[in-house]
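Chemist: Provided below for reference: sequence and predicted model.
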Amino acid sequence: AAKASGQAARVFRDFLWSTKGSWSCRRRVVAKAEWTMAAPNPRFVVTSLEPECWAAQPLYEELYCARGDMENRIKECQLDLYADRTSAHTMRANQLRLWFASLAYVLICALRRLGLTGSRLADATCGTIRLKLLKIGAQVRVSVRRIKVAMASACPYAEEFALAHARICAAAR
């Protein structure tokens with residue numbers, strides 16, 4: 001069961017395993033046995049990395065979890081910022097679409113890191129930031145000297161918008 005502190009109980013082990021016919025030799029398997037407050041959460045990783053170089057827990061937490069996190073970032077860019085839309089007739093047009101999606105991802109990550117730290121959107125995905133902070137209705141007035149953005153008084157993320165704007169303007173100076 002989970003610890004009395006509310007933390008998940010975790011145990012890491014590695015062992016050698018072989019299959020009846022699909023593997024030519026025995027392989028190292030790193031197992032994480034975890035029990036959260038809700039339910040068991042077992043995980044297994046098959047690796048060719050030697051135990052002398054990577055102990056079970058650092059191999060799982062530092063190497064494989066980081067790889068999974070990177071795969072999540074790629075998926076976030078594809079799904080939230082439409083980086084998978086490469087249906088144009090020319091390779092150059094598709095490449096340009098990917099560049100735009102990649103640039104949008106970098107800009108939203110910078111917005112999250114610089115402007116949204118400590119806010120409700122500090123850990124939000126790119127899609128959430130896009131929908132709740134950037135894809136809003138506002139009145140924009142452009143004059144010779146300034147651009148004024150008037151948001152509705154009922155805008156639920158007006159504080160985060162103002163905070164991010166102030167922080168980014170301060171960082172640009």
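Modeler: The structure has been received and is ready for your questions.

Chemist: tell me what the helix or strand bottoming out on mean pLDDT in the chain is packed against?
Modeler: Lowest on mean pLDDT, DSSP states H and E among the helices and strands of the chain sits helix 65-80, with a mean of 86. Counting contacts by 3 or more CB pairs under 8 Å, 6 or more residues apart in numbering; DSSP states H and E, helix 65-80 is packed against helix 91-110, helix 126-129. For the C-beta atoms, the positions are set from N, CA and C on the backbone; glycine is no exception.

Chemist: got the contact list for the nearest residue to residue 25 once chain neighbours are set aside?
Modeler: The shortest distance from residue 25 to any non-neighbouring residue, by CB to CB, 6 or more residues apart in numbering, is to residue 18 (7.1 Å). Residues counted as contacts of residue 18 (CB atoms under 8 Å, 6 or more residues apart in numbering) are 25, 26, 27.

Chemist: ok, residue 54 to residue 32 distance?
Modeler: Residue 54 is 14 Å from residue 32, where distance means CB to CB, to the nearest Å.

Chemist: Now do the same contact list for the residue nearest the centre of the chain.
Modeler: Per CA atoms, centre = their mean, the C-alpha nearest to the average position across the chain is that of residue 73, at 4.4 Å. Going by CB under 8 Å, 6+ apart, residue 73 touches residue 105.

Chemist: Look up how far residue 48 lies from it.
Modeler: 25 Å.

Chemist: Then residue 109?
Modeler: 32 Å.

Chemist: What sits closest to residue 150 if chain neighbours are left out?
Modeler: residue 139 (4.3 Å).
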